[in-house]
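>>> heads up, no residue letters with this:
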């Protein structure tokens, strides 16, 4: 749908008076998507580019080709900090390989004509948020249990300890996705979670951020109670691990000494 929308807008841009105005519209409002797509076509001529699916995220454009590969590029490449996000996301996803009970993208970075692209294999399924509300509600327990297990593994993974801030709460501090709501991939037939994508905002933080992140962006998710089921599953796993003596040890919070009164 997004590909059709962008192509239609590009055609309408011919009606804009003035070459400079047309160029501004295509580069700013349409994120120069044609140039980026043509660069990919030139770099990967062996792929079938006749049917390309396109998605528009918060900071990136994604092109899905052959129902197998996903190419991502920033909407605007002039922001150095924005470009660094891809390098950071690759660092995180490489560290998480084999840690979670679901798939995450394995990224390859490449530069084409001064633009940074990422390439990964397409995780099969559909975005959870795009599935019918009734289907989400009917499967909320199953989805919640799976998400709870994923968050438990992620939060207690202790990957990339060099990223942990010095002031991180030793009890409520673990690795979190931080933007989970719109980035959960599920099999629409079995309603199993098949992957979690877009890890550029992952960091060490509070557990509640990921629970809130399951529903905070979309009203549809707030109607499902999936987040509640995920919380129950997380704490069930935590309590079971503590009982078995296999829970990760957390350092106690150091209390500040009380001020002496004169």
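Yes, it's here. In this text the structure is predicted, and so the values were computed from the model without any measurement.
>>> Now the helix or strand hosting residue 34: buried residues?
Following DSSP states H and E, one finds residue 34 within helix 33-43. In terms of neighbour count (16 or more other CB atoms under 10 Å), helix 33-43 has its buried residues at 33, 36-37, 39-40. C-beta here means a position set from N, CA and C on the backbone, and glycine is covered the same way.
>>> helix/strand/coil for residue 117?
Under the three-state scheme (DSSP: H, G, I helix; E, B strand; the rest coil), residue 117 adopts strand.
>>> Is it bridged to anything, and to what?
Beta bridges link residue 117 to residue 73, residue 110, judged by DSSP bridges.
>>> could you pull out the strands for the stretch 51-200 of the chain?
Per DSSP state E, counting those that start in this stretch, the stretch 51-200 of the chain carries strands over the ranges 52-56, 60-65, 69-74, 108-112, 115-121, 126-127, 174-176, 184-186, 193-196.
>>> moving C-terminal of the last one, what's the next helix or strand?
What it means is strand 193-196. strand 203-205.
>>> Sheet partners, orientation included, of that next one?
The pairing partners recorded for strand 203-205 under DSSP bridges are strand 174-176 (antiparallel).
>>> Where does the prediction get shaky in the stretch 151-262 of the chain?
248-262 (pLDDT under 70).
>>> Recalculate using a threshold of 50.
For the stretch 151-262 of the chain, applying pLDDT under 50 flags the ranges 251-257, 262.
>>> sorry, back to before: I'd like the strands of the stretch 51-200 of the chain written out as a markdown table, with mean neighbour count and distance to residue 247 added.
Shown next, in a markdown table, are the strands of the stretch 51-200 of the chain (neighbours: other CB atoms under 10 Å; distance: least, CB to CB, whole Å):
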| stretch | mean neighbour count | distance to residue 247 |
| --- | --- | --- |
| strand 52-56 | 15 | 38 |
| strand 60-65 | 20 | 37 |
| strand 69-74 | 21 | 36 |
| strand 108-112 | 13 | 36 |
| strand 115-121 | 18 | 33 |
| strand 126-127 | 14 | 33 |
| strand 174-176 | 24 | 12 |
| strand 184-186 | 24 | 26 |
| strand 193-196 | 21 | 23 |
